[in-house]
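> just coords:
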């Protein structure tokens, strides 16, 4: 779903944590910086959020990006670019 991918690309627009405005919190994660690669739990906790008006024009682009991602044959591309010996 394009809206779900937008939440990963533009987390701040949906009210999710992001590395640019979150303070360092060693007590919560045990690390100096938090991990933002897996945010599915945070998205589920937030629930359904309206897509901001400024991101609505981007929905079509992200949808096309997803379709092209699924249509691309990455194995064939990799074998052409980096052939095995």
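Great, that's in hand. Here the structure is a predicted model, which means the values were calculated and not measured.

> Only C-alpha atoms from now on, for both contacts and neighbour counts.
Will do.

> How far does the helix ranked longest in the chain sit from its chain's centre?
What stands out as the longest helix in the chain, according to DSSP state H, is helix 56-71. A distance of 13 Å separates the centroid of the chain from that of helix 56-71, by C-alpha atoms, centre = their mean, to the nearest Å.

> tell me what it is packed against?
Here helix 56-71 touches helix 2-9, going by 3 or more C-alpha pairs under 8 Å, 6 or more residues apart in numbering; DSSP states H and E.

> Next, give phi and psi for the closest residue to residue 12 other than its chain neighbours.
Nearest-residue entry for residue 12: residue 18, 6.3 Å, with adjacent residues in sequence omitted and distances by C-alpha to C-alpha, 6 or more residues apart in numbering. Note on residue 18: its backbone torsions stand at phi -150, psi 160 [degrees, to the nearest 10].

> Contacts only, for residue 18.
For residue 18, the contact set (C-alpha atoms under 8 Å, 6 or more residues apart in numbering) comprises 11, 12, 36.

> any idea of the angle the longest helix of the chain forms with helix 2-9?
With axes from the mean of the first three to the mean of the last three C-alpha atoms, to 10 degrees applied, the angle from helix 56-71 to helix 2-9 works out at 100 degrees.

> circling back: top of the contacts of residue 18 by neighbour count?
residue 11 (17 neighbours; other C-alpha atoms under 10 Å).

> quick one: that residue and residue 17 touch, right?
Yes - using C-alpha atoms under 8 Å, residue 11 is in contact with residue 17, at 6.6 Å.

> after the longest helix of the chain comes which helix or strand?
helix 74-81 (DSSP states H and E).

> State the mean pLDDT of that following helix.
Predicted confidence along helix 74-81 averages 92 (mean pLDDT).
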